[in-house]
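Student: After the sequence you'll find the predicted model.
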Amino acid sequence: MKSVCVLGLGYIGLPTAALLASRGLRVFGVDIDQRVVSTVSNGGIHIMEADLEGLVQKVISNGALSAHLAPVPADVFMITVPTPLTHDRRPQLEYVFAAARSIAPHLKKGNAVVLESTSPVGTTQKVADILAEARPDLSFPRQNQVGEPDVAVAYCPERVLPGRILIELVDNDRCVGGLTLACTERAVTVYETFVRGAILRTNAATAELVKLAENAFRDVNIAFANELSMVADKHETDVWEVIALANRHPRVNILKPGPGVGGHCIAVDPWFIVDSAPQEARLIRTAREVNDHKAQYVFDCVAKHLEGSQSTLVTCFGLAFKADVDDLRESPSLEIVERLGHAFPGRVAAVDPFVSKASAVLKAAGVTLLGLEEGFARDGVFVLLVDHTVFTRASPSKLEGRAVIDTRGIWRKSAKLN
């Protein structure tokens, strides 16, 4: 293996491509967005991720990585494109299948195709079937068949945390599942070039469900914390104190609540399980509904503060889906701010040090994006949605005279919470 073609230069594809290039492989990064290709070609990055820009600059300057609008021949093809949900919460796999069709003309005997995009069980086999239809001159695998096909096809999900992607791509264990044993082994050789964690071998269907199970597990646990926060509000108790005391039990570890659940993984992946097994996945569905509802609950709390007032201002702190990143994907904070902007025109502003300009969503909602000090200078209601480090360091004096709704529990001892 000397060359890799990575399809999709997003939060996973670009760091993976850069890491592979740093290990002496010739890497071709592919994206359908001209802006992304131009940015990467010039040694830049279009996402915020620790240490990524320096690595990209290095591998672009030494020629190990190049960016393209279409696939080129390589020994290994990695598919890292998005798999969003449709409006009715069904897995949208068109990007994966389009990527498979785009690489078909370039395949040759001895190649490997590895799908990393989060996918429902059975997607890897569908990719192999698409490739087989496009290239009848080559043999492709069927799940658990004996023998080695001309082109190996496997699945290997990422399991990284934004802000630590380069570290966790290297250090975390990886689960590699081929459609055959031979496919698994060929895919393992790809990850052995940069992964220090354990590489765990299985079949493709198991690997697909492992990825979904990991995020559904986390979603269920967060849903418990979010539901508990609403119960605590009803009883006028401090949910963070309840959790802290309950967690002193040697077998209890309740997570922290928030305004909902965001990001492209936890807020999306459980629906893939529900879609494939709607009668069996009742707890997973309920957890998703609880977490989705939390944004509406926070909106209702803010609206209650504004009852009877035509002028009270609202300042929302945080737009990203988690602390200290610029990632707005599936962000409940952004959803809450958007709803408030439409409901209370001209009165809502947002502060997020990781977001440099207002998105089209905020502009359409009439929400003003302010700097940190401008935000703290406003009167009215403060709504803390994201526990960015800079917010945790805010002086209690910044909160005096404001009604504070704290969904993260970091301002509750500095202000009178309502």
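Tutor: Happy to help now that I have it.
Student: Settle this for me: residue 240 is touching residue 255, isn't it.
Tutor: No - applying C-beta atoms under 8 Å as the test, residue 240 and residue 255 come out as separate, 11.5 Å apart. C-beta coordinates here come from the backbone N, C-alpha and C atoms, glycine included.
Student: out of those two, which sits in the more crowded spot?
Tutor: Legend: neighbour count by other C-beta atoms under 10 Å for residue 240 and residue 255, higher for residue 240 (18 against 15).
Student: That one and residue 275, how far apart?
Tutor: To residue 275, residue 240 is 35 Å away according to C-beta to C-beta, to the nearest Å.
Student: Contacts only, for residue 113.
Tutor: 76-77, 79, 100, 103, 107, 127-128, 131, 151-154 (C-beta atoms under 8 Å, 6 or more residues apart in numbering).
Student: Please enumerate the strands of the stretch 251-400 of the chain.
Tutor: Ranges of strands in the stretch 251-400 of the chain, per DSSP state E, counting those that start in this stretch, are 314-317, 348-351, 368-370, 381-384.
Student: got the ones you listed as CSV, with distance to residue 197, mean pLDDT and mean neighbour count columns?
Tutor: Formatted as CSV, the strands of the stretch 251-400 of the chain follow (distance: least, C-beta to C-beta, whole Å; pLDDT from 0 to 100; neighbours: other C-beta atoms under 10 Å):
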stretch, distance to residue 197, mean pLDDT, mean neighbour count
strand 314-317, 36, 98, 26
strand 348-351, 37, 97, 26
strand 368-370, 39, 95, 18
strand 381-384, 35, 97, 26
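Student: got those as TSV, with distance to residue 292 columns?
Tutor: Below are the strands of the stretch 251-400 of the chain laid out as TSV (distance: least, C-beta to C-beta, whole Å):
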stretch	distance to residue 292
strand 314-317	19
strand 348-351	21
strand 368-370	25
strand 381-384	19
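Student: Which of those sits closest to residue 299?
Tutor: Residue 299 sits nearest to strand 381-384 of all the strands of the stretch 251-400 of the chain, at 9.5 Å, using C-beta to C-beta.
Student: Listing partners with orientation, what would you give for the closest one?
Tutor: The pairing partners recorded for strand 381-384 under DSSP bridges are strand 314-317 (parallel), strand 403-406 (parallel).
Student: With only the CA atoms kept, save the last one in PDB.
Tutor: In other words, strand 403-406. Only the C-alpha atoms of strand 403-406 are listed here, as PDB (Å, rounded to 0.1, in the frame of the first residue of the first chain):
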ATOM      1  CA  ALA A 403     -32.200  37.000  35.200                       C
ATOM      2  CA  VAL A 404     -30.000  33.900  34.400                       C
ATOM      3  CA  ILE A 405     -31.100  30.700  32.900                       C
ATOM      4  CA  ASP A 406     -28.100  28.300  33.200                       C
END
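Student: can you put the strands paired with strand 381-384 in TSV and add distance to residue 210?
Tutor: Shown next, in TSV, are the strands paired with strand 381-384 (distance: least, C-beta to C-beta, whole Å):
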stretch	distance to residue 210
strand 314-317	36
strand 403-406	36
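Student: which residues touch residue 295?
Tutor: Applying C-beta under 8 Å, 6+ apart, we find residue 295 in contact with 259-260, 332, 335-336, 339.
Student: Next one, pLDDT for it please.
Tutor: Looking at residue 295, its pLDDT stands at 97.
Student: domain parsing for this protein?
Tutor: 3-197, 214-406 (automatic domain parsing).
Student: so where is the stretch 101-250 of the chain shaky, pLDDT-wise?
Tutor: Along the stretch 101-250 of the chain, segments meeting pLDDT under 70 span 143-144.
Student: what ranges do the helices span in the stretch 101-250 of the chain?
Tutor: 123-134, 165-171, 181-191, 204-234, 239-246 (DSSP state H, counting those that start in this stretch).
Student: Those helices: which one's closest to residue 284?
Tutor: The nearest among those, by C-beta to C-beta, is helix 204-234 at 5.0 Å.
Student: Counting by contacts, list what that closest one packs against.
Tutor: helix 123-134, strand 152-155, strand 174-178, helix 239-246, helix 269-276, helix 282-305 (3 or more C-beta pairs under 8 Å, 6 or more residues apart in numbering; DSSP states H and E).
Student: can I get the ones you listed in CSV with distance to residue 363?
Tutor: What follows is the helices and strands packed on helix 204-234, written out as CSV (distance: least, C-beta to C-beta, whole Å):
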stretch, distance to residue 363
helix 123-134, 36
strand 152-155, 39
strand 174-178, 41
helix 239-246, 34
helix 269-276, 29
helix 282-305, 19
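Student: re earlier: now the helices of the stretch 101-250 of the chain in TSV, with distance to residue 114?
Tutor: Listed next are the helices of the stretch 101-250 of the chain as TSV, based on distance: least, C-beta to C-beta, whole Å:
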stretch	distance to residue 114
helix 123-134	9
helix 165-171	14
helix 181-191	5
helix 204-234	10
helix 239-246	40
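Student: what residue of the protein is the furthest out?
Tutor: residue 308 (38.9 Å; C-alpha atoms, centre = their mean).
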